[in-house]
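Asks: Next input, structure requested:
(4 chains)
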Number of protein chains: 4
Amino acid sequence: MKNKINYNAPEDIKDLDIVNLFELEREAKNVLPKDGYDFICGGAGDEYTLERNIEGWNKKGILQRVLADIKYPDTSTTILNQEIKLPVIVSPIAAHGMAHESKEAGTAKGVAEYGGSIMSISAYSSVSFEDIEKGLQGNNRWFQIYMSDDKEVNKNVIDEAKAVGASAIILTADTNVDGRRERNIRNKFIYPFGMPIVARYLKDGADDTSSDTVYSRKKLNLSVEDVKFLTDYSDLPVFVKGIQTPADAIKAIDAGVSGIWVSNHGGRQLDGAPSSFETLEGISNVVQGQVPIVFDSGIRRGEHVFKAIASGADVVAIGRPVLYGLANGGWKGVKSVFEYFEKDLKTVMQLSGTQTIEDIKHTPLFEYSK
Amino acid sequence: MKNKINYNAPEDIKDLDIVNLFELEREAKNVLPKDGYDFICGGAGDEYTLERNIEGWNKKGILQRVLADIKYPDTSTTILNQEIKLPVIVSPIAAHGMAHESKEAGTAKGVAEYGGSIMSISAYSSVSFEDIEKGLQGNNRWFQIYMSDDKEVNKNVIDEAKAVGASAIILTADTNVDGRRERNIRNKFIYPFGMPIVARYLKDGADDTSSDTVYSRKKLNLSVEDVKFLTDYSDLPVFVKGIQTPADAIKAIDAGVSGIWVSNHGGRQLDGAPSSFETLEGISNVVQGQVPIVFDSGIRRGEHVFKAIASGADVVAIGRPVLYGLANGGWKGVKSVFEYFEKDLKTVMQLSGTQTIEDIKHTPLFEYSK
Amino acid sequence: MKNKINYNAPEDIKDLDIVNLFELEREAKNVLPKDGYDFICGGAGDEYTLERNIEGWNKKGILQRVLADIKYPDTSTTILNQEIKLPVIVSPIAAHGMAHESKEAGTAKGVAEYGGSIMSISAYSSVSFEDIEKGLQGNNRWFQIYMSDDKEVNKNVIDEAKAVGASAIILTADTNVDGRRERNIRNKFIYPFGMPIVARYLKDGADDTSSDTVYSRKKLNLSVEDVKFLTDYSDLPVFVKGIQTPADAIKAIDAGVSGIWVSNHGGRQLDGAPSSFETLEGISNVVQGQVPIVFDSGIRRGEHVFKAIASGADVVAIGRPVLYGLANGGWKGVKSVFEYFEKDLKTVMQLSGTQTIEDIKHTPLFEYSK
Amino acid sequence: MKNKINYNAPEDIKDLDIVNLFELEREAKNVLPKDGYDFICGGAGDEYTLERNIEGWNKKGILQRVLADIKYPDTSTTILNQEIKLPVIVSPIAAHGMAHESKEAGTAKGVAEYGGSIMSISAYSSVSFEDIEKGLQGNNRWFQIYMSDDKEVNKNVIDEAKAVGASAIILTADTNVDGRRERNIRNKFIYPFGMPIVARYLKDGADDTSSDTVYSRKKLNLSVEDVKFLTDYSDLPVFVKGIQTPADAIKAIDAGVSGIWVSNHGGRQLDGAPSSFETLEGISNVVQGQVPIVFDSGIRRGEHVFKAIASGADVVAIGRPVLYGLANGGWKGVKSVFEYFEKDLKTVMQLSGTQTIEDIKHTPLFEYSK
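Replies: Numbering: from 1, shown residues only, chains lettered A, B, ... in the order given. Purely as a prediction, here's the structure:
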């Protein structure tokens, strides 16, 4: 256990009365070790893109509609033929152990208890598939892979992911090198946990292999060949995550993906980029429904879910909100976050005259005249 | 009296020396119970739309005009053939009791003493029609309805509104579900008063029926059928309030309304929307004078009244300013607010070269080049 | 002397080391009575337009030019055939006594000692023409008139202005009613001085007639007839001051003016207007050199002088900067302000590749792409 | 030594752990005398252009690219056939002695130890060519000239520059008069050091001749003749530094320059200008690769290097960052600054899918829709 350090993660398990997710973030700051909070909340560089991910929502307006005969809007939808009761799923996030002692098992239980969402399991989870399954109890799960430069490792983790029932593979393609996250540099941050899913297959073996070792084996030069390998080897639907341009969306589709995952990695990778939302419409215009689009980076309100879907997303994914729920309330907190989104999205749907998720897709947003 | 709680509303009755309404708001904060002030001043979500309702005025400029031969501008106008001396009327507002112990009767008296405006009476008033009439003394009044899911209730309140002389019906169409008003959530706000106008007709009867009960009976799925019902049953001119899109303006006109009420409910319903002012011109362009337009959400100065009318409104309505006047000075404070608007609008008219309200309608605003 | 109140104006006479005019404003705040400072610095309403008068300069960029063979730029120019050594003149300002005990005589001496500018004498000066002449010592002067509703008064003051050598008349056309200046309302401001130039001709006579009386006799409904009267009666070139639209510039030219004075009265009249600079180019485009253009409202730096001239102005006028110079250093302070502008403008001209004022007129500004 | 004053420059020599350059600037503020820090960090006028030099980077977005098969991006490039390992060189900066007691020799050693950049030697260096050479140890150097009004002086310094191996001449063309730097005015700043490179050739001789004397002999009216003189006399490639317009770029090329140096002198000259970055694309569009473009003013991150190159620059130059490195760590600090840029640029290249500097040139930036 080379890089294990003392890390006092929160342990509370409780339902949360969420006013909004910005307040939940502040509360998470109070309960998390500083380096853990900074790791989660921080972005790259000036954190310009991180902030723009939020402010960018105001580039377009959502409008009240009246006399639309809406009652009890329905938030259920499907993606890859999987039924979910809310178009909000869990983004792949490394090291949930930073947020709560229950780690990914806590998140998984929150998702399972909410019912009707999808858990993305990160290759860099703090715990093994087996521990996650304890929480997930059979619910939907996708597996996110950071490719190793050792092809056998990749095969092994895919085999294992399939064995535990992953129904899709998410290739994170925007993190072949880490963004310059200055909070971590200032804190001289090191991961307090190992990464057992990948580590056990590295040549030097033990499941406590340090994060540094895992990192050092990350494949840098991802290409369409990697997409083809994943598609062929896994025989599962593959998403490429980190799409920010129409060109890359086309490239990914040509390489055979089953879905596009629009994301700027929560502003953690390339600072000076536009908000992820600002890139969505252009991408959606070229994808034209050939494959589903998952959107992440900056989702904090039902309003944001609505605007993303009205701009071409099929579902959205949330990362930090899940960890803030986990930090403040363990699995119950995660469940509370999903309930918050459901309630808030329904309010927005009722006020904007949309009965179903499909209706949202056909709702024009307000284009500011300047 | 299930939800009556102790609530210490202000009781002062005095003329106000109003510098501007933002200062009056700060003074209202000082005299009101915190939860009451928050209820009145707050908006939905991030309060982005609430703030934009004010900042949005600066999207267009008003220009000084010279040599225009203007002397003593005339602010009088008519709407629905009712003569008013200022194109500023009272928006329907629930629960004036939150602002002053005189409740709606105080507001009504302020309007009556000012003379030449219109009082909108909310279905969710804190007092009965009879009590309001004590203040209103025969002055113009319109009745605003939140539709109940019980059609008999709607008929009863309309019958009563007509009996007390309401000359128009305002259907609030943007509040079939309440916006997410986080101040109220934080304060665990509950209404300190009943809503006697509606409550007496609910099946469980007594006029002290709690707000919760009234709320729970609100009709969610408003449609053009409701407009037609109101028009047919009441035989009064009907406004649909909460119009924010050209499409809904057309829909309302097709359903037979006598007026369009452009509003985003003071930023209290759907956050992430543009300012109400930003939506006005597009709506006005499709209405093309077929029916009058009332505008609200963000009116705080004569400048705003001017800009709204120059962008297509016939009259504007004020909500919070009325309550801030009421809170600080009872009925005299309400009168002071109208006097403030009259004086300020006259100054703007003199400086912009407009002798009459009709002149304002033909005044182009300054379009910023970027 | 009905409205004389105790007012302790500064008395210091000294050269000023001006870093910039914003600092000079802060220093003026330190030496002036609060109500006097607020009267001078304040604007109308939210002071949005006041602030935009400054921020608006950044709507266009000025660009460095190189290899332009510039040495010792020449700031001299002419207006109405009067030679001045700097395209910066004194705006008409009421009541210089608010700034310094030397009143307008101090300003006049500062202008005279600088040499080569033009003093605008306000009809609402704190002192008589005779006292101003003591400082002005034969230098250029224009006379600004607020029209009285008594034509004889107007004739008398014009006769007197001509007798003391005024070479142009400025009709202030944007102040037939005062803007809503909230600082003054809060301070319950009243003028501490009489207005002897106008007051002596009012029917009730004495030169200490109060400002209130003078104000109450102001003509509200200015029109092209007033321009024609001034032109005919005075036989002097007439400017209309307060032009903010192309339409009014054409109207004024049609009425026979010899010059257009673009101004929003320093943001003191109609709040919610664009910056005066933003209106200049459109006006200049219709004036097309038929008559000269004076520009004011927001000039604080040589950069601003440059941008105004590059956008169509022939000379600019300064108001508050003169009073801040006067407040801090009496006539020497006023002279320092002109020296500051001369030095700063020369630096800008050297760096922007312009040898003469005429060169500035042909210099395109940078249009931001968004 | 007329203007030598007591100046306590930092003396530390140490490697720096640079989080970002804004933090390094704050640290420099802590170790530098106030007037020295203000001299370095300050800009002209309101410092609007200084700030916009940074904020202006956000006028365009850089986008993540995926599946681009990038591994270990290569930052090496060439300019004027000189190979450098990073497209970041040292801007000509006067008086490095303000930052560190090792003066230009320290900077030179930092550049030499980093290896693979270019040192620009200012005519207004605090030390002689010989002292600089002690640090530079044979590395690339260009010589920047402020033209003297005495042609013989210019010839002498060029002769000497050539003798010490300068491989290009940079004509600073935007500083024939100093911008209005208000910090210096407030501090009554005078240079604490002489300017030996130029001073020794002035007629009154001694190498301790004051900066004032050197300044007073600066040639004001630069023109294309000066470019021709430099080109002819030096037989070296000549850059004109301070280009901000397409017109001047063409003029300089017509005059025979070997390179365009786009710069607004770090916001120190003409305030009210756009950011230097905003001017780059227009210039690049007319230069069309005829000569290389060096860009400076506002480079603080790898992101900025990337955006400048993607907009047409061949290399960028840094000024203040070099002095902040020098102030905090002497030559080791300078080396750390270059290492910071190399690491950060490589991260940006990896994430944006660019393997080489040439690739960056063909990468479109994100154009915001408003």
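
Asks: drop to CA atoms for contacts and neighbour counts, all remaining ones
Replies: Fine.

Asks: All the helices of the stretch 151-300 of chain A, residue numbers only.
Replies: A:151-163, A:182-187, A:196-199, A:211-216, A:224-234, A:246-254, A:276-287 (DSSP state H, counting those that start in this stretch).

Asks: Just give the closest residue to A:Glu281, not the sequence neighbours.
Replies: What sits nearest to A:Glu281 in space, not counting adjacent residues and going by CA to CA, 6 or more residues apart in numbering or on different chains, is A:Ser311, at 5.4 Å.

Asks: Would you agree the one you found is in contact with A:Ser284?
Replies: Yes - between A:Ser311 and A:Ser284 there is a contact under CA atoms under 8 Å: 7.3 Å.

Asks: Looking at the two, which is more packed in?
Replies: Counted by other CA atoms under 10 Å in any protein chain shown, A:Ser311 and A:Ser284 do not tie: A:Ser311 has more neighbours, with 25 against 22.

Asks: ok, A:Lys188 - how many residues close by?
Replies: With other CA under 10 Å as criterion, A:Lys188 counts 9.

Asks: and the lengthiest helix in chain A with chain B, contact?
Replies: In terms of residue count, the longest helix belonging to chain A (DSSP state H) is helix A:320-352. Yes - looking at helix A:320-352 against chain B by CA under 8 Å from any CA of the partner chain, the contacts come from A:344, A:347-348, A:350-352.

Asks: tell me which parts of the stretch 101-250 of chain A are close to chain B?
Replies: Residues of the stretch 101-250 of chain A lying near chain B (CA under 8 Å from any CA): none found.

Asks: all strands of the stretch 101-250 of chain A, in order?
Replies: Taking DSSP state E, counting those that start in this stretch, the strands of the stretch 101-250 of chain A run over residues A:119-122, A:141-145, A:169-172, A:238-243.

Asks: So which of the ones you listed is nearest C:Gly106?
Replies: strand A:238-243 (68.6 Å; CA to CA).

Asks: Let me have that closest one in CSV, keeping just the CA atoms, if that works.
Replies: Extracted as CSV, the C-alpha positions of strand A:238-243 are listed here (Å, rounded to 0.1, in the frame of the first residue of the first chain):
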residue,chain,number,x,y,z
VAL,A,238,-19.4,2.0,-26.5
PHE,A,239,-19.5,5.7,-25.7
VAL,A,240,-16.7,8.1,-26.3
LYS,A,241,-16.7,10.6,-23.5
GLY,A,242,-15.2,14.1,-23.9
ILE,A,243,-16.6,15.1,-27.3
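
Asks: what's in contact with it?
Replies: Strand A:238-243 is contacted from outside by A:168-174, A:227, A:230-231, A:249, A:252, A:257-265, D:64-66, using CA atoms under 8 Å, 6 or more residues apart in numbering or on different chains.

Asks: what's the residue nearest to A:Gly106 when sequence neighbours are not counted in contact with, if anything?
Replies: Excluding its sequence neighbours, the residue lying closest to A:Gly106 (CA to CA, 6+ apart) is A:Trp331, at 4.7 Å. Contacts here follow CA under 8 Å, 6+ apart; on that basis A:Trp331 touches A:13-14, A:106-111, A:325.

Asks: And for chain A, the residue most distant from the center?
Replies: A:Leu67 (36.0 Å; CA atoms, centre = their mean).

Asks: That one against B:Val224, yeah?
Replies: Yes - if you go by CA under 8 Å, A:Leu67 and B:Val224 touch, sitting 5.7 Å apart.

Asks: just to revisit the earlier point, out of the helices of the stretch 151-300 of chain A, nearest to D:Asn20?
Replies: Judging the helices of the stretch 151-300 of chain A by CA to CA, what sits closest to D:Asn20 is helix A:182-187, at 7.8 Å.

Asks: for the closest one, packing partners?
Replies: helix A:34-41 (3 or more CA pairs under 8 Å, 6 or more residues apart in numbering or on different chains; DSSP states H and E).

Asks: Report how many residues lie close to the nearest residue to A:Phe189 once chain neighbours are set aside.
Replies: In this structure, A:Phe189 finds its nearest non-sequential neighbour in A:Asp35, 6.5 Å apart by CA to CA, 6+ apart. Number of residues near A:Asp35 (other CA under 10 Å) recorded here: 18.
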